[in-house]
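Novice: Just a sequence and a predicted model for now, questions to come.
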Amino acid sequence: MKSIIAKAAGLTDVGLKRELNEDSFSTDTKTGFFVVADGMGGHLAGEVASRVAVDLINKSYKKWFDSDAPEEDLFEYPDPSLSKIGNYIQSSIRLANKVIHEMAAENTDYNGMGTTVAVLAVMPDLIITANVGDSRIYMVRNGEIERLSKDHSIVAEQVEMGIMTDEEANQSPLRHVLTRNLGSAIHLEAEVFEIEPSSNDRFVLCSDGLTDLVSDDEIQQMVVAEDDPEALCQNFIDKALTRGAHDNTTVVSVYLSDIEKSKSDPFKKMGSLLADMLTTTQKATKLFKS
Amino acid sequence: MAKLILMFKDQVMQEFPFFRESMTIGRNPENNIQIDNLAVSGHHAKVDKVGSKFILTDLQSTNSTFVNDKKIVSHNLKDRDKIQIGKHVILFLSSETDRAEQSGIDETMILDTDQQRELLAKQGTATGQGIKKIGVLSFLSGSEIGEVKLIKKLSRIGKADNCEVKLSGLFMGDTAAAISKRPSGYTITFTGGMTKLKVNGQVIKDSVQLNDYDTIELGSYKLQFYQKEAESI
C-alpha cells in the first residue's frame, strides 16, 4: 500500500514548571499511526499511564490491522457506526483503559493514575481520529483549521450545552477537570471520527500543554506557515516555552502528500488502458526486432 | 492576605488576618482565635498554611469541627468555606493571590464518575440535552430508495460496492462524495469522478458543512439532508 504521508514528526518538552514529563507519544509513518497521551497521577504514575496507553494501543491496533481481524474478535462489542478499522482503534483504547484501570486498582503506587489519548490513523482512503480527555487533534485543510476531537472536560460539555462560551471555558478554574480518561472507569468509549483524506491535509495531535497557551487561530497560522512538520513541532514547543510552559507539551504533526482524486475518471481509465496497450506493443516490437 | 472571620448568629465578631504559618482556635486564651463558649474545646482546631493551601485540622475536640455542615478531621480550605465550631461560624476568605494560585492549579484531574453522572443528569434534564441526532438523506428525485439514514461516522456516496449510498451512472465516481459526522456537525466532501457535486445549487470542489434541509445534487440525483432524533428512528 502506497503511503500518502509526506512527512511526520513528534516532539515533547517537560516545560518550565514541572519536574517530570508525563506525556508520551508515538509516530509510525509506515502504518500511518500516531498517538499522543497526557498522563496524570502522582509520583511516576502519570508517566506510566501514558506510556502504557501509547504502547498498548499501538500493539493491539497493529495486531488486528495486520491480521485483518474480524470485528467479533475485538475487545468488547463493535460500534456499528464505525468502519472495521475504526473499531480496531476504539477497541485498542478500551483494552488499554482496562489494563491501566487494573494496574491502578492493584498497585497502591498507581492509585488514581490515568491518561488522555489522541490517536490518528492515516490510510489512502480513510482518516480516523480518536480521543479521550483533553488532548486534541486538529486538521488544517485548504488553510482552514478544524478540530477532529472532542474534549472530555466539564467546561467543554458546558460549552456544547450552550451554557458557557469558549472564552469563559478557557478562563474557568474547572478547565482541567476531565469527565473521561483512561484508567478511572472499567468501561470507556473514545470519541471516534472518520473522514476522507484530501490532498495536502495537515494534522496536529497535541497535549493541553500546547492548547492552554496557543489558540486555535494561532495553531492554524503556524501550520500554514511551516512546510516542515519537524520545524513546526519545534515552533510549537518554543511558543509554549515563551508563554511560561506550566505543563508538559507534546506535539505530533503529520503532513499528507498530493492525493490523486479522480481514480474513477473514465477518460483517465481509457488513457491508462491506451498507455498499457502502447507499452505492450513496444515490448512486442522490441521482441520481434531482436 | 487570607482572613478568618469569626461570626455568631450572622454577626461579625472579629476579623483575623492570616499573617502567620498557623492559627489556633479554642476556648483557652492562648489561642489565636479565642471563642469563650462551653461548646468549644480548650484547643479545638487549627489552620496551617502549607504552600498556597490552608489546611484545617480538628484537634480531637469534644464537639467536633464542621466545614459547610460536614464533619471533618482535616480539610483543605477553599474561599468562603464556613467552619462551624459550637454555635460559632468562622468564615475563611482566601486572598486574591491565593485564589489566583488555587484556580491556576494546572494539575489535570478526573471528575468522580458518580458525581459526574449526577451533574450531567441534572444539566441534561435542565437543558433538554442528551438527545442524539442522526443525519438522514431523503431522495427527492432519481431514485426509489426514499430515505437513507447516515448511521456511520463516514458514509460514502458513489457506485463502488463499499458505498453506504449506492448511485449509478457512467460518470459517477466510485466514491463521488462522502459525508462525515465531525465534532462540528455533518460535512460533505467531493471525492472524485466526473459527476459534479452541488449543495444548494453551488458546485462543491472540497467540503462544506451540511445544514438541515440542504439539497445535494449528484448528476441526476437530488437529495435532501436533515437531522432527526435518533430515538425516533
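Specialist: Yep, that arrived.

Novice: so what's A:D13 closest to, chain neighbours aside?
Specialist: Nearest residue to A:D13, sequence neighbours excluded (Cβ to Cβ, 6 or more residues apart in numbering or on different chains): A:I237, at 4.7 Å. Where you see a C-beta, it was placed from the backbone N, CA and C, and this is true even at glycine.

Novice: tell me the secondary structure for that neighbour?
Specialist: Secondary structure assignment for A:I237 (DSSP: H, G, I helix; E, B strand; the rest coil): helix.

Novice: Distance check, B:L140 against chain A.
Specialist: 24 Å (Cβ to the nearest Cβ, to the nearest Å).

Novice: which of the residues in the helix or strand that that residue is a member of are buried?
Specialist: Using DSSP states H and E, B:L140 maps to strand B:133-141. By neighbour count with 16 or more other Cβ atoms under 10 Å in any protein chain shown, strand B:133-141 contains the buried residues B:I134, B:G135, B:V136, B:L137, B:F139.

Novice: I'd like the residues you listed as TSV, with pLDDT and distance to B:T191 appended.
Specialist: Below are the buried residues of strand B:133-141 laid out as TSV (pLDDT from 0 to 100; distance: Cβ to Cβ, whole Å):
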residue	pLDDT	distance to B:T191
B:I134	91	22
B:G135	94	17
B:V136	94	21
B:L137	93	16
B:F139	90	20
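
Novice: Check those against chain A and report the nearest one.
Specialist: Comparing the buried residues of strand B:133-141 against chain A with Cβ to the nearest Cβ places B:I134 closest, at 9.2 Å.

Novice: Can you name the residues that contact that closest one?
Specialist: B:I134 makes contacts with B:K149, B:L150, B:I151, B:Q227, B:K228, B:E229, B:A230, B:I233, as judged by Cβ atoms under 8 Å, 6 or more residues apart in numbering or on different chains.

Novice: Which helix or strand lies directly C-terminal to the strand holding B:L140?
Specialist: Downstream of strand B:133-141, the first helix or strand assigned by DSSP H and E is strand B:147-149.

Novice: Contact partners for A:R141?
Specialist: Applying Cβ under 8 Å, 6+ apart, the residues near A:R141 are A:S198, A:D201, A:R202, B:D206, B:S207.

Novice: A:S207 versus the last one, what's the distance?
Specialist: Meaning B:S207. In this view, B:S207 and A:S207 are 27 Å apart by Cβ to Cβ, to the nearest Å.

Novice: With the second one instead?
Specialist: Remark: distance between A:D201 and A:S207 (Cβ to Cβ) = 21 Å.

Novice: Mind checking which of the two has more residues around it?
Specialist: When neighbours are counted by other Cβ atoms under 10 Å in any protein chain shown, A:S207 comes out ahead of the other of A:D201 and A:S207, with 31 against 21.

Novice: didn't the more buried one look like it was pressed against A:A240?
Specialist: No - assessed by Cβ atoms under 8 Å, A:S207 is found out of contact with A:A240, at 9.9 Å.

Novice: what about stretch A:210-225, distance to the chain center?
Specialist: 17 Å (Cα atoms, centre = their mean, to the nearest Å).

Novice: From the rest of the structure, what touches that stretch?
Specialist: A:134, A:136, A:138, A:140, A:143-145, A:147, A:175, A:202, A:204, A:232, A:235-236, A:239-240, A:243-247, A:249-251, A:253, B:106.

Novice: shaky segments in chain A?
Specialist: Counting by pLDDT under 70, the ranges of chain A that qualify are A:1-2, A:260-290.

Novice: if you set the cut-off to 80 instead, what comes out?
Specialist: Residue ranges of chain A with pLDDT under 80: A:1-3, A:42-43, A:161, A:163, A:172-174, A:259-290.

Novice: can you give me the helices in the chain?
Specialist: Just so you know, I chose chain A. For chain A, the helices defined by DSSP state H occupy A:45-66, A:84-106, A:154-161, A:166-171, A:208-211, A:216-225, A:229-242, A:266-289.

Novice: ah, no, chain B please
Specialist: Ranges of helices within chain B are B:96-103, B:113-127, based on DSSP H.

Novice: State the pair within the buried residues of strand B:133-141 that is farthest apart.
Specialist: Spatially, the most separated pair among those is B:I134 and B:F139, at 17.0 Å (Cβ to Cβ).

Novice: hang on, A:V204 packs against A:V252?
Specialist: Yes - between A:V204 and A:V252 there is a contact at 7.3 Å, judged by Cβ under 8 Å.

Novice: Neighbour count for the two, which is higher?
Specialist: A direct count of neighbours by other Cβ under 10 Å for A:V204 and A:V252 places A:V204 higher, at 28 against 25.

Novice: quick one: contacts for B:F139?
Specialist: B:I145, B:G146, B:E147, B:V148, B:Y221, B:K222, B:L223.

Novice: hey, what's it bridged with?
Specialist: According to DSSP bridges, the residues that bridge with B:F139 are B:L223.

Novice: ok, it to B:I145 distance?
Specialist: B:F139 is 5 Å from B:I145, by Cβ to Cβ.

Novice: ok, now A:G183?
Specialist: Separation of A:G183 from B:I145 (Cβ to Cβ) stands at 45 Å.

Novice: quick one, which of the two is more surrounded?
Specialist: A:G183 (31 against 14).

Novice: B:V73 and B:T57 touch, don't they?
Specialist: Yes - B:V73 is in contact with B:T57 according to Cβ under 8 Å; the separation is 7.3 Å.
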